[in-house]
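Participant: Quick one, fold the following:
(chains A, B, C and D)
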There are 2 protein chains.
Amino acid sequence: MRKKRTNDPKGMRRRVLDVAEDSFQAHGYHASSLGDLMAAAGVTGGALHHHFPTKKALALAVIEERVAAAVRETWIEPVLAASSAREGVRAVFEAVAAELEQQGYVRGCPLNNLAHELSLADDEFRSALARIFANWRQAIADKIRADHLGGGEGGTDPERFAALVVATYSGAMSMAKTSQDAGVLRECLRGLESFEVSPSQGGSTVKRRRRVLPRPKIA
Amino acid sequence: MRKKRTNDPKGMRRRVLDVAEDSFQAHGYHASSLGDLMAAAGVTGGALHHHFPTKKALALAVIEERVAAAVRETWIEPVLAASSAREGVRAVFEAVAAELEQQGYVRGCPLNNLAHELSLADDEFRSALARIFANWRQAIADKIRADHLGGGEGGTDPERFAALVVATYSGAMSMAKTSQDAGVLRECLRGLESFEVSPSQGGSTVKRRRRVLPRPKIA
DNA sequence: TTATAAACAGACCGGTTGTCCTGTTTTGTC
DNA sequence: GACAAAACAGGACAACCGGTCTGTTTATAA
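Facilitator: The predicted structure is shown next:
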């Protein structure tokens, strides 16, 4: 009996993270047993333990590598690449809503899913998750500040706007997951779009009230 | 061996629900073992099984009796009793923020905590939780409609406003829990409040543009 | 080649989980 | 008081969980 065994530490680690990310997202951390993950990934206990000594280490890797990357790819990069912060926010909301409606079910936000389950359980989990939230908010705030330099977004407080956007998205995804309906995402986006600047910090040239979130382009 | 035994089904059931509600909130559903609950409540396995045949039945009772009541008491009733929807929302945000800052830690929103962990696990859980979200939103929307009848909040879409408020609160609590800092609640409230347009502008109805959040009426 | 460590296989174990089961005591009803 | 049902006590149990341990195979470097 010859055993074919291809030593591929990189690939094996990636496969484990793939199924762990998926299972944590679908069933949560506690409801995902290492036995299930091993079976799904086609990995033995020895290999799993070699790459991730404990379940906590595995979850920490999922958070820092996969969840952070997901937020970066679906939120931070699109917003920074957009013509403005508000346009970027609008585009992400609609892209996520469209994707959810296409796939027919809602599994929720990876970051919020794990944040709710693990924030109080372990402080390492909590700080890792808090860091992702902070980066998310800061990226949006930075984009607002960039808009300021470009002459736009007169009275918008960057941190306040960022917090509001992240909170609205997180809560909308929570409701969308519970009702299994992505429509609430669009509803909340409409709410944000009718956001008007409070002219308290009237440093901009525009004094009159105006719509701050531009109408969606017809594409 | 004499056993002192006071048959008190109502009280026993209440004690079990008390500790279950607390443990589900603090550690989550899966991380709360029935053994821990029995020890904390001072209840034997037989008694627990008599009132709640399965762990799922216990959780369902917690959701329908305790979580729904919590949302009703901290959100629905204060908002409906407030002078306006906007004032009620502001009061609840500030009351919760003050309470969290006083107790020094954040355990999150009871509804959202369980919603994230259980919505995908079981459809009975999901529908029960979705019903609470729906009642929450409808109460706020109803209050907006009541404001309409009183001559206020012209142009504010009730369902849209309610969805935005609930989403913002849920997401803000999620971040507050993860960062263990209730400050983001106040920040998001400020964001919602900046929906109002120019504070001392006249009440003329010249603008037919959508003003989703007019400023609150100050008596 | 040889030595050494990394990469992996697979069984094993103590502890825990949720549930069930058999009794015993109390309550309600006639 | 008789008696059925509810209310509770407490143990038993099979399944499962996460972690560990030993052994074998593969890569790496001298």
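
Participant: ok, now how distant is the spatially most central residue of chain A from chain B?
Facilitator: The centre of chain A sits closest to A:V71, judged by CA atoms, centre = their mean, with a distance of 3.6 Å. Separation of A:V71 from chain B (CB to the nearest CB, to the nearest Å) stands at 13 Å. C-beta here means a position set from N, CA and C on the backbone, and glycine is covered the same way.

Participant: And for A:Y169?
Facilitator: Computed as CB to the nearest CB, the A:Y169 to chain B distance reads 7 Å.

Participant: List the contacts of that residue.
Facilitator: A:92-93, A:109, A:185, A:188, B:167, B:171 (CB atoms under 8 Å, 6 or more residues apart in numbering or on different chains).

Participant: just A:V106 next, same as before
Facilitator: A:100, A:173, A:176-177, A:180-182.

Participant: so which of those also contact chain B?
Facilitator: A:177, A:180 (CB under 8 Å from any CB of the partner chain).

Participant: Return the member of the contacts of A:V106 nearest to chain B.
Facilitator: Proximity of the contacts of A:V106 to chain B (CB to the nearest CB) peaks at A:K177, which lies at 5.2 Å.

Participant: Nearest residue to the closest one in space, please, no chain neighbours.
Facilitator: A:G108 (3.7 Å; CB to CB, 6 or more residues apart in numbering or on different chains).

Participant: you'd agree that neighbour is up against A:A172?
Facilitator: No: using CB atoms under 8 Å, A:G108 makes no contact with A:A172, being 10.5 Å away.

Participant: For these two, indicate the residue with more neighbours.
Facilitator: Higher neighbour count among A:G108 and A:A172: A:A172, with 31 against 23, using other CB atoms under 10 Å in any protein chain shown.

Participant: Would you agree that one is in contact with A:D181?
Facilitator: No: counting by CB under 8 Å, A:A172 stays clear of A:D181, with 10.8 Å between them.

Participant: shared neighbours, the two?
Facilitator: Counting by CB under 8 Å, 6+ apart, A:A172 and A:D181 have no common neighbour.

Participant: Buried residues, the lengthiest helix in chain A. List them.
Facilitator: Counting residues, the longest helix in chain A under DSSP state H turns out to be helix A:123-149. For helix A:123-149, a neighbour-count test (16 or more other CB atoms under 10 Å in any protein chain shown) marks A:125-126, A:128-130, A:132-133, A:136-137, A:139-144, A:147-148 as buried.

Participant: Against chain B, which of these make the cut? List them.
Facilitator: Applying CB under 8 Å from any CB to those, those adjacent to chain B are A:126, A:129-130, A:133.

Participant: Those residues of chain A touching DNA strand C, which are they?
Facilitator: A:3, A:5-9, A:11-13, A:43-47, A:49-51 (CB under 7 Å from any atom of the strand).

Participant: Could you turn the buried ones of these into a ChimeraX selection?
Facilitator: Those of the residues of chain A next to DNA strand C that count as buried under 16+ other CB under 10 Å are selected in ChimeraX with:
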select /A:12,13,43,47,51
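
Participant: wait, what's in contact with A:H30?
Facilitator: Counting by CB under 8 Å, 6+ apart, A:H30 touches A:117, B:28, B:30-31.

Participant: typo on my end, it should be A:R107
Facilitator: When contacts are counted by CB under 8 Å, 6+ apart, A:R107 is found next to A:25-26, A:113, A:177, B:120.

Participant: Tabulate those residues (TSV), appending distance to B:V79 and neighbour count.
Facilitator: Compiled in TSV, those are given as follows (distance: CB to CB, whole Å; neighbours: other CB atoms under 10 Å in any protein chain shown):
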residue	distance to B:V79	neighbour count
A:Q25	33	20
A:A26	35	14
A:N113	28	25
A:K177	24	26
B:L120	29	23
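
Participant: Columns pLDDT, secondary structure and distance to A:L80 on top of those, output as a markdown table?
Facilitator: Shown next, in a markdown table, are the contacts of A:R107 (pLDDT from 0 to 100; DSSP: H, G, I helix; E, B strand; the rest coil; distance: CB to CB, whole Å):
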| residue | pLDDT | secondary structure | distance to A:L80 |
| --- | --- | --- | --- |
| A:Q25 | 98 | helix | 25 |
| A:A26 | 98 | helix | 30 |
| A:N113 | 98 | helix | 24 |
| A:K177 | 98 | helix | 26 |
| B:L120 | 98 | coil | 31 |
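
Participant: Against chain B, how distant is A:N135?
Facilitator: A:N135 sits 12 Å away from chain B, going by CB to the nearest CB.

Participant: rewinding a little: nearest to DNA strand D among the ones next to chain B among the buried residues of helix A:123-149?
Facilitator: Distance to DNA strand D across those (CB to the nearest atom of the strand) is lowest for A:R126, with 17.8 Å.

Participant: That closest one - nearest residue in space that isn't next to it in sequence?
Facilitator: Nearest residue to A:R126, sequence neighbours excluded (CB to CB, 6+ apart): A:S119, at 4.5 Å.

Participant: Kindly state the pLDDT recorded for the one you found?
Facilitator: Here the pLDDT value assigned to A:S119 is 98.

Participant: That one and DNA strand C, how far apart?
Facilitator: In this view, A:S119 and DNA strand C are 20 Å apart by CB to the nearest atom of the strand, to the nearest Å.

Participant: go on, A:R160?
Facilitator: The value you get for A:R160 to DNA strand C, if CB to the nearest atom of the strand is used, is 42 Å.

Participant: For the residue in chain A that DNA strand C sits nearest to, pull up the helix or strand it's in.
Facilitator: Closest contact between chain A and DNA strand C, by CB to the nearest atom of the strand, is at A:G46 (1.9 Å). Following DSSP states H and E, one finds A:G46 within helix A:45-51.

Participant: Domains of chain A: list them as residue ranges, please.
Facilitator: A:8-53, A:64-201 (automatic domain parsing).

Participant: Pick the most buried one from those domains.
Facilitator: The highest mean neighbour count among these, using mean count of other CB atoms under 10 Å in any protein chain shown, belongs to domain A:64-201: a mean of 20.

Participant: quick one: is the strand or helix carrying A:H116 near DNA strand D?
Facilitator: A:H116 belongs to helix A:110-118 when assigned by DSSP H and E. No: judged by CB under 7 Å from any atom of the strand, helix A:110-118 stays clear of DNA strand D, getting no closer than 12.7 Å.
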